[in-house]
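Peer 1: Next input, structure requested:
(2 chains)
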Amino acid sequence: MERSQMYRQLANMRKALFDQGFLDEQFVQLEELQDDANPNFVEEIVTLFYRDSTRLIHNIEQALEKNPLDFTKLDSYMHQFKGSTTSIGAKKVTNECTQFREYCKAGNGEGCKRTFEQLKKEYALLKKKLEAYFQLARQIGPVESACRPK
Amino acid sequence: MNFGVQGEKSMSMPSSSASWKCGDGVSDHFPVGLRVLVVDDDPTCLMILEKMLRNCLYEVTKCNRAEIALSLLRENKNGFDIVISDVHMPDMDGFKLLEHVGLEMDLPVIMMSADDSKSVVMKGVTHGACDYLIKPVRIEALRNIWQHVVRKRKHEWKDLEQSGSIEDGDREQKPSEDADFSSSANEGSWRNSKRRKDEEDQAEERDDSSTLKKPRVVWSVELHQQFVAAVNQLGIDKAVPKKILELMNVPGLTRENVASHLQKYRLYLRRLSGVSQHPGGLNNSFMGPPETPFGSISSLNGLDLQAFAAAGQLPAQSLATLEAAALGRSTTKSGISMPFMDQRNLFSFENPKLRFRDSQQPQLGNNNKQMNLLHGIPTNMEPKQLANLHQSAQSSFRGMNMQPNSNPHGSQSSSLLMQMSQPPSRPQMFNDINRNHLSRLPSSIAQPTLPSGMGSGVLARHGMVENARGAIYNSASQASTMVDFSINQNTDLPGNGFQLANNAGGQMPTVTSKGLLQEEVNSEMKGSRGFAHSYDIFSELQQHKSQDWGLPNVGLTFDASQHSNMRSGLDVPPSVLVQQGFSSNQSNVQNRSTPFGKAIFLAAEESGCGNGLNIGQQLDTLLAGNSLRVKAESLPEASCQNTLFHEQYSQEDLMSALLKQQEGVGPASNEFGFDGYALDNLPV
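Peer 2: Down below sits the predicted model:
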């Protein structure tokens, strides 16, 4: 694929991620932090996020299997998780976190579980999309990928 | 409250070298190289923050455990300039870390969280965070964190370097730092005042109930004399805190203490010198040979006075703030009961020096007695009167500049005083009162004559006390004297009045007011806060009274220096007091006093009833963070009139509250014969 095409494709992918609500402004902040010294900064962050959040997801899952549900604990886990998701700008995932916490506050176990399922889906979907995005970016090359197509 | 603002205003990018005295090597390129320690258990956030801070050209150390962070900080006390910490961490609560850092290292700490609920943010404020960031944190938010470092240093330096007059207004102590965090979510936390390093060594006479741990310097007689000697040596016009401090050579005394004390002293001198408020009028002994032996104002008076002073001084707006603060804070509620007591004390004007903190002056000693008397106030006085007195006392504090000039400045405070001093029949009341004849006062006290002139809150603090005292004193005996109060006060006090409040810095200038204030407060309180009300009564009083005020407004010398906060602090109280909308009409003495009293109460509320209105305390509170923190001076009787605050401040309420307090005080009250006093008119 030609470079310019790749650029275009990358730009389109990026745009789509924003337009479709997968990412928000915070992601742009991360992109802005990327520079020559850290050319893959954004990818590194996202990778770190997915690695670290696996643990939290697992904790939540376990907690959701308990009976009765400990909403306080669930809320606490989710609070932590949300902190991460907002930091990378994962919009849809963050929304699910918020919803989950609402259900926790309301003591709605079913709501929590339902939301959590939804959350996991969004989480996985975003991961896939970002992986593709970064892969393309790497293909284009560090310099180019550092330039955010506007 | 924009206490902090003041500080900031004067603070431009601190001359890098100057501001960067921490010696960390960043001097010319501040804030480049700012050493930040960031603590967050979330590795993603931590990494992002690190990168952002690096991009801001800061030197970043990251840490994912609070314990590790603490040990890092402890090992290298001067290794960091600022700490950023997450709130929710598994091994230690972020707030705990915040406290530790504040206590041990006194570094500015910024809290972060994805949680933006008000309660959490408020918690950050109350625990002393200098800022609170909501996640996701943007780099823009981090770019300006250097300001917190500068601000903190600036306050510290001020104490050391500043040689200007205290009234320069930019002695913002840490509280200001709290008060004005530029970041969102912070609302003037008042924690900073706790950490006044320079005061840590000082004995904490005052045991404030406020959460701020501000050691206060108690200006004992000896100390004050040393101070006066130094000032005289330098020349009142040339006496700057730094030099005074050097001359005094008292270990543990900070420039700031001296500065605030100097301010009070100046006010006192102004008052003594007459209506015209020129600074440095009398260079006589600050404590001046008090004509009326004011008992030790210390606990009682101080508190009340302070409260009053503060109350009086606070502008209407602040009043509202104060009120809010007062209401909100139930920390120390100064017993408004002071009013009565104060009145008595006020009259007794024994407190030559209003010492904010416990005036130890011998003269003040009398006040104490008086104070008690006041409490007992004057049974003669009708409850209402008392209330009024109380109120007026507050206001009179202001007006209490008791300058013997019988010029009816017309300042409200004067009027207040006047009112107080109405019963000419008690000319010598004050004098005697000092001796514990509070009864005398009552008459005068009853009148809220205290010129609301208290505006200068300081009165409350320093001068007010004196004035109040004088006023009260006079009022009791002579109407004329009262006038003096107000006159002077208005001018001077405004700024100073608030000094009391400023104690947020930790020292409530005890408005020292304790002693004096109380006295004054009494008188002032009665009078409706000196808010710009022109009290006719006061003028009347003026005529009658010969100025006895000579009071040595010494007492007034609130240790202004002690708190730069005072200024701000007082502001609050007055507003509180003002709320009531003092109307200057005489007939409404009560009204006046009521508001005043109420305000005082409000102030007192904060400070805890124990000691009369510790307006000073309140002020601190206010300062601290818009919360009235009235340090309850050790007014024995002052029972918190907290209830008063919240009530409609009906006269009855006040009166009953005051009366209640009085009960504790002692019997003297009945001795007051307010007959013939305008108090009768007071609608209670």
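Peer 1: Only C-alpha atoms from now on, for both contacts and neighbour counts.
Peer 2: Will do.
Peer 1: Can you name the residues of chain B that neighbour chain A?
Peer 2: Counting by CA under 8 Å from any CA of the partner chain, the residues of chain B lying close to chain A are B:42-45, B:47-48, B:51-52, B:55, B:88, B:113-115, B:135-139.
Peer 1: Recalculate using a threshold of 6 Å.
Peer 2: In this structure, chain B approaches chain A at residues B:T44, B:A114, B:P136, judged by CA under 6 Å from any CA of the partner chain.
Peer 1: out of the residues you listed, who's nearest A:L56?
Peer 2: Checking the residues of chain B next to chain A against A:L56 with CA to CA, the nearest one is B:T44 at 12.8 Å.
Peer 1: Return the residues in contact with the residue most central in space within chain A.
Peer 2: Residue closest to the mean C-alpha point of chain A, counted by CA atoms, centre = their mean, is A:A90 at 3.7 Å. If a contact means CA atoms under 6 Å, 6 or more residues apart in numbering or on different chains, then A:A90 has A:F22, A:L23 as its contacts.
Peer 1: Repeat that for the one 3 residues further on.
Peer 2: With contact taken as CA under 6 Å, 6+ apart, A:V93 is in contact with A:L119, A:E122, A:Y123.
Peer 1: Check the gap between it and A:L74 for me.
Peer 2: Going from A:V93 to A:L74 by CA to CA, to the nearest Å gives 16 Å.
Peer 1: In chain B, which residue sits closest to chain A?
Peer 2: Ranked by CA to the nearest CA, the top residue of chain B for proximity to chain A is B:P136, at 4.8 Å.
Peer 1: For that residue, the count of nearby residues, please.
Peer 2: As a burial measure, B:P136 scores 23 neighbours (other CA atoms under 10 Å in any protein chain shown).
Peer 1: and it, what element?
Peer 2: Using DSSP states H and E, B:P136 maps to neither a helix nor a strand.
Peer 1: Need the phi and psi values for the closest residue to it other than its chain neighbours.
Peer 2: Among residues not flanking B:P136 along the chain, A:S87 sits closest, at 4.8 Å (CA to CA, 6 or more residues apart in numbering or on different chains). Per-residue torsions, A:S87: phi -70, psi -30 (degrees, to the nearest 10).
Peer 1: now swap in B:D41 and tell me
Peer 2: For B:D41, the backbone dihedrals (degrees, to the nearest 10) come out as phi -80, psi -20.
Peer 1: Quick one: neighbours of it, just the number.
Peer 2: By the criterion of other CA under 10 Å, B:D41 has 19 neighbours.
Peer 1: Kindly report the same for the one 3 residues further on.
Peer 2: By other CA under 10 Å, the residues close to B:T44 number 25.
Peer 1: residues contacting it?
Peer 2: Contact analysis of B:T44 by CA under 6 Å, 6+ apart lists A:F49.
Peer 1: same thing but 8 Å
Peer 2: Residues near B:T44 by CA atoms under 8 Å, 6 or more residues apart in numbering or on different chains: A:I45, A:L48, A:F49, A:D52, A:S84, A:S87.
Peer 1: Next: A:G107.
Peer 2: A:F71.
Peer 1: and it, backbone torsions?
Peer 2: Note on A:G107: backbone dihedrals following degrees, to the nearest 10 are phi 70, psi 30.
Peer 1: next one: B:E59
Peer 2: Backbone torsions of B:E59, given as degrees, to the nearest 10, read phi -100, psi 120.
Peer 1: Kindly report the same for B:V32.
Peer 2: Per degrees, to the nearest 10, the backbone of B:V32 is at phi -60, psi 140.
Peer 1: I figured it hits B:L57, correct?
Peer 2: Yes: between B:V32 and B:L57 there is a contact under CA atoms under 8 Å: 5.3 Å.
Peer 1: Is B:M112 located within a strand, as I assumed?
Peer 2: Yes: counting by DSSP: H, G, I helix; E, B strand; the rest coil, B:M112 falls inside a strand.
Peer 1: is it in a bridge, and if so with what?
Peer 2: Beta-bridge partners recorded for B:M112 (DSSP bridges): B:D86, B:L133.
Peer 1: Tell me how many other residues crowd it.
Peer 2: Using other CA under 10 Å, B:M112 has 25 other residues around it.
Peer 1: do you know how far it is from B:H88?
Peer 2: Here B:M112 is placed at a distance of 9 Å from B:H88 (CA to CA).
Peer 1: Likewise for B:L98?
Peer 2: 12 Å.
Peer 1: which of the two has more neighbours?
Peer 2: Neighbour count, other CA under 10 Å: between B:L98 and B:H88, B:L98 has more, with 28 against 22.
Peer 1: residue contacts, the more buried one?
Peer 2: Taking CA under 8 Å, 6+ apart, we find B:L98 in contact with B:S85, B:V109, B:H127, B:G128, B:A129.
Peer 1: Can you verify my assumption that B:A66 contacts B:M92?
Peer 2: Yes: assessed by CA under 8 Å, B:A66 is found in contact with B:M92 at 6.0 Å.
Peer 1: So these two - more neighbours on which side?
Peer 2: Between B:A66 and B:M92, counting by other CA under 10 Å, B:A66 is the more crowded of the two (24 against 13).
Peer 1: For the more buried one, report the pLDDT, please.
Peer 2: In this model, B:A66 is scored at 92, pLDDT.
Peer 1: same question, the one 10 residues further on
Peer 2: At B:N76, the pLDDT value in this model is 87.
Peer 1: What of B:A259?
Peer 2: Looking at B:A259, its pLDDT is 86.
Peer 1: Repeat that for B:H646.
Peer 2: 41.
Peer 1: swap in A:F49?
Peer 2: Note on A:F49: pLDDT of 95.
Peer 1: Give me the pLDDT for B:A668.
Peer 2: For B:A668, pLDDT reads 42.
Peer 1: do A:A16 as well
Peer 2: pLDDT for A:A16: 95.
Peer 1: Pull the contacting residues for it.
Peer 2: By CA under 8 Å, 6+ apart, the contact set of A:A16 is empty.
Peer 1: How much space separates the residue of chain A found nearest chain B from A:A106?
Peer 2: Taking CA to the nearest CA, chain B has its nearest neighbour within chain A at A:S87, 4.8 Å off. A:S87 sits 26 Å away from A:A106 when distances are taken as CA to CA.
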